[in-house]
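Enquirer: Structural data only, the sequence is not supplied:
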């Protein structure tokens, strides 16, 4: 009888379905986005979600992969960049919340301050529309050039260039590698950090805290109110993530924005 009861108990145990954690697949660029998501991952596990992190090294594919359903969310961009991508490609992607700010900075291996720039020097800037405009506005704010009014300005919109600087528009990820070849480069904080640069120490100038370019969590519009989106935002805007940014990233120029 005991053997029969034991056998029945084992059968019932095997018959009970096991519920695996539901995946949330998110696309990120390596630093600091992957690092922040690794802090959020165990928090999501407590809510029954398995965060699957996929790395990208450019600023186009994470949005295309999200729009095509290969990702549930992405985390690598600011709102002006997303707005421009939506306008250009009709992607239907939306922000569900801000996470942090990465100030753009000007870096150089050849000069110690912007006033050391000479006539004809080469300067490299990001070639994606929003970050190029952002880079040029940073140079304008520091008296190097003047630009036409407008949101998405390019080097073609420079109205005054007293030093006759030569601008090279390149993919953002390549900019740190140009420092041996140009006098200065305007580099996104994540790519600067990957190259071993510390913004607070190495940048000639940085964007101020008033910058509107906070990095955001992005999903498809149909998913913005879903339980998965709410869980992802809750974990990413958690006290644990904020404490991590303040302890580990502020010294690198990265600040929480929630």
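Expert: Looks like it came in fine. These numbers were taken from a predicted model, which means no experiment stands behind them.
Enquirer: what about the most centrally placed residue in the chain, which helix or strand?
Expert: A centroid search over the chain (C-alpha atoms, centre = their mean) returns residue 76, at 2.7 Å, as the residue closest to the centre. Assigned by DSSP states H and E, residue 76 belongs to strand 73-78.
Enquirer: Show me what that strand is in contact with.
Expert: Strand 73-78 has contacts (C-beta atoms under 8 Å, 6 or more residues apart in numbering) with 24-29, 33, 36-37, 56, 59, 62-63, 65-66, 85, 96, 99, 130, 212-219, 223, 229, 232, 236. From N, CA and C alone the C-beta is placed, and that goes for glycine too.
Enquirer: What's the first helix or strand after it?
Expert: helix 79-89.
Enquirer: Give me the angle between that next one and strand 73-78.
Expert: 110 degrees (axes from the mean of the first three to the mean of the last three C-alpha atoms, to 10 degrees).
Enquirer: Next SSE downstream of helix 79-89?
Expert: Heading C-terminal from helix 79-89 (DSSP H and E), you reach strand 93-101.
Enquirer: follow-up on the earlier one: walk me through which strands the strand holding residue 76 pairs with, and which way each runs.
Expert: Paired strands of strand 73-78, with direction, are strand 22-28 (parallel), strand 214-220 (antiparallel) (DSSP bridges).
Enquirer: residue ranges with poor pLDDT in the protein?
Expert: Low-confidence segments of the chain, defined by pLDDT under 70: 1-20, 209.
Enquirer: Break down it into its strands, ranges please.
Expert: Under the criterion DSSP state E, the chain contains strands at 22-28, 49-55, 73-78, 93-101, 105-107, 122-126, 146-147, 158-160, 166-170, 184-187, 205-206, 214-220, 255-256.
Enquirer: so which of those strands is the most packed in?
Expert: Highest mean neighbour count among these (mean count of other C-beta atoms under 10 Å): strand 184-187, with a mean of 28.
Enquirer: If you count contacts, what does that one end up packed against?
Expert: Packing partners of strand 184-187 (3 or more C-beta pairs under 8 Å, 6 or more residues apart in numbering; DSSP states H and E): strand 105-107, strand 122-126, helix 129-141.
Enquirer: which residues sit against the shortest one?
Expert: Surrounding strand 105-107, the residues in contact under the criterion C-beta under 8 Å, 6+ apart are 114, 138-139, 142, 176, 179, 184-187, 189, 192, 197, 199, 202-207, 253.
Enquirer: Show me just the buried residues among these.
Expert: Among the contacts of strand 105-107, the ones that count as buried by 16 or more other C-beta atoms under 10 Å are 138-139, 176, 179, 184-187, 189, 192, 197, 199, 202-207, 253.
Enquirer: got a list of what the residue lying closest to residue 244 once chain neighbours are set aside touches?
Expert: Spatial nearest neighbour of residue 244, chain neighbours left out: residue 39 (4.7 Å); criterion: C-beta to C-beta, 6 or more residues apart in numbering. Residue 39 makes contact with 240, 241, 244, according to C-beta under 8 Å, 6+ apart.
Enquirer: Could you identify which of those residues has the most neighbours?
Expert: residue 241 (20 neighbours; other C-beta atoms under 10 Å).
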